[in-house]
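In: sequence and predicted structure, then a few things I'm wondering about:
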Amino acid sequence: MNFLSDPDGGGLNSAEDFLAEWSASRGNLRRFLENTVMPPLDEAHQQEAGEAAAANAINEAFGIELPDFDSGVASVSGSVEAAGSFKLTQPDPDIPQDTGAAAFFDVDNTLIQGSSLVVLAMGLARKRFFRLRDIAPIAWKQIKYRVTGSENISDVADGRELALEFIKGRTVEELNDICQEIVDSRVADKAYPATRELANKHLAAGQQVWLVTATPVQLAQILAQRFGFTGALGTVPEVKDGKFTGRLVGDILHGPGKKHAVAALAAMEKLDLERCTAYSDSINDIPMLTMVGTAVAINPDRDLRKEAESRGWQVNDYRSLRKAVRSFGLPALVTALFSYGAYGGWKIWGPSKK
């Protein structure tokens, strides 16, 4: 059969005529299918189909569900709103930018010694946001944290709830002033020089550097700006009419919350997570550490150290006391300390009586 002939026996002039006839018949078929067999979706069904497609794409790209991604977007959006701009520090124009790569740093015990949340609570107490006895539970958790080197997820959540309650009804300006003072007087000088050097190497390579922390975003962003980092994602307290409501925007940036926020940031900035690096001290940050191409354990707690060693991750420990314990052994250090005390090194007992 000659497909380039019409039903009346007359030949079609060209293949273009055939394609035109074929397109017309396919158009009729399409209209039949769309209008009768598969009628157009109404708005609700179109939204459902779109969300299903988006959820599948997000799960494929980041391994998280759509509601978690939405929470991450809320956290990033809240952080941007708190900062007043997307990036706190613009890249050096003399450095070629590696636009697909970034480094994500935890703050507490990774960038700085101890807990920034506790330092903030003490600063708020000095400004009479609350009584000192109100922060006794936080102080005890900080003691545990400094002694064990391991943070407890419930302790972090409790600390965040208290922090939100303490600033409820206060103005953003008040908190920003306190955070600036705290960073200048009590936080910046607690930074580990070696961790800052790592961050600066990423900046020198043209990569973005972000702090990702459960600490209230206002404190984290002042710290990031002080150190010249790209920006900071933190726990975002809700603001209405310039005052804090005591509620949370998005998720607390701890554990999975960090992964959700980093996924949202990566989507916005078109980052290739396989070319990104994450740094943390805590086993609770495994969700963030495992989503990037390179994970580094900084001053790791015991569980993270085991995990890092089993996965072949780099481990950097900048804590002098724990490094000494591993190098010389606890009995030797105890002996040295008592020897020091025996020769007059300790001053805690006051002057001796003669």
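Out: Perfect, I can see it now. Numbers count the residues shown, from 1 in each chain.
In: could you list the low-pLDDT ranges of this protein?
Out: Within the chain, the stretches with pLDDT under 70 are 1-43, 45-47, 50, 130-163, 320-354.
In: where exactly do the helices run in it?
Out: All helices of the chain, identified by DSSP state H, fall at 15-32, 43-62, 66-83, 116-126, 136-148, 153-167, 172-182, 193-204, 217-227, 256-269, 286-289, 302-311, 320-328, 330-342.
In: now stretch 112-123: buried residues?
Out: Buried residues in stretch 112-123, defined by neighbour count with 16 or more other Cβ atoms under 10 Å: 112-113, 115-123. Quick note: C-beta positions are derived from backbone N, CA and C, even for glycine.
In: an error on my part: the question was meant for stretch 305-319.
Out: Going by neighbour count (16+ other Cβ under 10 Å), the buried part of stretch 305-319 is 305, 307-308, 313, 316-319.
In: ok, residues contacting it?
Out: 113, 149, 192, 194-195, 198, 283, 286, 289, 295-300, 323, 326 (Cβ atoms under 8 Å, 6 or more residues apart in numbering).
In: go with 10 Å
Out: Contact partners of stretch 305-319, identified using Cβ atoms under 10 Å, 6 or more residues apart in numbering, comprise 109-110, 113, 149, 192-195, 198, 277-281, 283, 286, 289-290, 294-301, 304, 323, 325-326.
In: now the residues you listed: which count as buried?
Out: Neighbour counting by 16+ other Cβ under 10 Å classes 109-110, 113, 149, 192, 195, 198, 277-281, 283, 286, 289, 295-301, 304 among these as buried.
In: can you mark which positions in stretch 70-85 are buried?
Out: Of all the residues in stretch 70-85, those buried under the rule 16+ other Cβ under 10 Å are 70-80, 82-83.
In: redo those residues as JSON lines? Include distance to Ala61.
Out: Shown next, in JSON lines, are the buried residues of stretch 70-85 (distance: Cβ to Cβ, whole Å):
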{"residue": "Asp70", "distance to Ala61": "15"}
{"residue": "Ser71", "distance to Ala61": "16"}
{"residue": "Gly72", "distance to Ala61": "12"}
{"residue": "Val73", "distance to Ala61": "14"}
{"residue": "Ala74", "distance to Ala61": "18"}
{"residue": "Ser75", "distance to Ala61": "18"}
{"residue": "Val76", "distance to Ala61": "16"}
{"residue": "Ser77", "distance to Ala61": "19"}
{"residue": "Gly78", "distance to Ala61": "22"}
{"residue": "Ser79", "distance to Ala61": "21"}
{"residue": "Val80", "distance to Ala61": "21"}
{"residue": "Ala82", "distance to Ala61": "26"}
{"residue": "Ala83", "distance to Ala61": "25"}
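In: out of those, flag the one nearest to Leu265.
Out: Using Cβ to Cβ, Val76 comes nearest to Leu265 of the buried residues of stretch 70-85, at 5.4 Å.
In: just checking, the closest one touches Lys258?
Out: No: in this structure Val76 lies outside contact range of Lys258 using Cβ atoms under 10 Å: 11.5 Å.
In: need the overlap of contacts for those two.
Out: Leu233.
In: skip the chain neighbours and tell me the closest residue to Ala194.
Out: Spatial nearest neighbour of Ala194, excluding adjacent residues (Cβ to Cβ, 6 or more residues apart in numbering): Tyr318 at 5.0 Å.
In: the one you found and Val183: what is the separation?
Out: For Tyr318, the distance to Val183 equals 20 Å [Cβ to Cβ, to the nearest Å].
In: and for Ala232?
Out: Counting by Cβ to Cβ, the gap from Ala232 to Val183 is 11 Å.
In: ok, Val236 touching Gly72?
Out: No: if you go by Cβ under 10 Å, Val236 and Gly72 don't touch, sitting 11.5 Å apart.
In: kind regards, and thank you for your time.
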